[in-house]
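Colleague: need a structure here:
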Amino acid sequence: MSYRLLWWLVFVLMATPLLQLGVYAFTGGLGANPIQFITRHLGDWALRSLLVALAATPLKIIFGWTWPVRMRRMLGLWAFAYVMLHVTNYVAIDQFFDWQAIGTDIVKRTYITVGLGAFIILATLAATSSKRAIKSMGGKAWKRLHKYVYIAAILGSWHYYAMVKADTLPPLIHISILCVLLGIRIWQYLKRT
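Modeller: Next comes the predicted model:
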């Protein structure tokens, strides 16, 4: 399979949750609280997309696959797109730009504070993801900055776990996947030293 075809296949797969949301909207599948459903759907896929992006290097380490690494930038930008839509839905639709209520939420609700931290990190990484940014920052500084993606993933997982009130199994599955991905990276680092 050619790289270009593979790129489009991955692109379509990453867009599928948005298409799914559109189908839900047109078929009445958004449930009793559509705003909350949309916010959670986008948040779930933001974290899942981030985990998929973080899986690129572990897949190379374990199986020798290089194509996921070539897709990593696109995967990371999809993760940010879902995060941006998640935050936009909360700010514009759920809170209707009520900045005082949003500020109160950030202060009172730890999971929103933590989520905001993840959003700020991912926004910074998305803004510096271009080849031009790599060139202007220098490769070493750029790599050092982009290691903050791990902190964003940890904060995103914490945000998900802290938000859930009853069924903690889904966030725990995401946390377990993140631990495995980070564990593989740590194992590889220790092996080299």
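
Colleague: what bits of this protein have low per-residue confidence?
Modeller: Applying pLDDT under 70 to the chain flags no residue at all.

Colleague: mind running it again at 90?
Modeller: 1-4, 131, 139, 165-167, 189-193 (pLDDT under 90).

Colleague: All the helices of it, residue numbers only.
Modeller: With helices called from DSSP state H, the chain shows them at 3-27, 34-54, 56-63, 67-88, 99-108, 110-127, 131-137, 139-146, 149-163, 169-192.

Colleague: Run through the neighbouring helices and strands of the longest one.
Modeller: Right, helix 3-27. Applying 3 or more Cβ pairs under 8 Å, 6 or more residues apart in numbering; DSSP states H and E, one finds that helix 3-27 contacts helix 34-54, helix 67-88. All C-beta spots, glycine's among them, are computed from the backbone N, C-alpha and C.

Colleague: related to what we said a few turns ago, now mean neighbour count too, for the helices of the chain, in CSV please.
Modeller: Below are those laid out as CSV (neighbours: other Cβ atoms under 10 Å):
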stretch, mean neighbour count
helix 3-27, 13
helix 34-54, 20
helix 56-63, 16
helix 67-88, 19
helix 99-108, 12
helix 110-127, 18
helix 131-137, 12
helix 139-146, 12
helix 149-163, 20
helix 169-192, 14
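
Colleague: related to what we said a few turns ago, in TSV: the helices and strands packed on helix 3-27, plus distance to Lys140.
Modeller: Formatted as TSV, the helices and strands packed on helix 3-27 follow (distance: least, Cβ to Cβ, whole Å):
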stretch	distance to Lys140
helix 34-54	21
helix 67-88	18
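
Colleague: quick one: which of these is nearest Tyr189?
Modeller: helix 34-54 (14.7 Å; Cβ to Cβ).

Colleague: Send over that closest one as PDB, restricted to the C-alpha atoms.
Modeller: In PDB, the C-alpha atoms belonging to helix 34-54 read as follows (Å, rounded to 0.1, in the frame of the first residue of the first chain):
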ATOM      1  CA  PRO A  34     -27.200  16.500  23.700                       C
ATOM      2  CA  ILE A  35     -24.700  19.200  24.800                       C
ATOM      3  CA  GLN A  36     -23.200  16.900  27.400                       C
ATOM      4  CA  PHE A  37     -23.200  14.000  25.000                       C
ATOM      5  CA  ILE A  38     -21.300  16.000  22.300                       C
ATOM      6  CA  THR A  39     -18.800  17.400  24.900                       C
ATOM      7  CA  ARG A  40     -18.100  13.900  26.200                       C
ATOM      8  CA  HIS A  41     -17.900  12.300  22.700                       C
ATOM      9  CA  LEU A  42     -15.400  14.900  21.600                       C
ATOM     10  CA  GLY A  43     -13.400  14.600  24.800                       C
ATOM     11  CA  ASP A  44     -13.300  10.800  24.600                       C
ATOM     12  CA  TRP A  45     -12.000  11.000  21.000                       C
ATOM     13  CA  ALA A  46      -9.500  13.700  22.000                       C
ATOM     14  CA  LEU A  47      -7.900  11.400  24.500                       C
ATOM     15  CA  ARG A  48      -8.100   8.400  22.200                       C
ATOM     16  CA  SER A  49      -6.500  10.300  19.400                       C
ATOM     17  CA  LEU A  50      -3.700  11.400  21.600                       C
ATOM     18  CA  LEU A  51      -3.100   7.800  22.700                       C
ATOM     19  CA  VAL A  52      -3.100   6.700  19.100                       C
ATOM     20  CA  ALA A  53      -0.500   9.400  18.300                       C
ATOM     21  CA  LEU A  54       1.600   8.300  21.300                       C
END
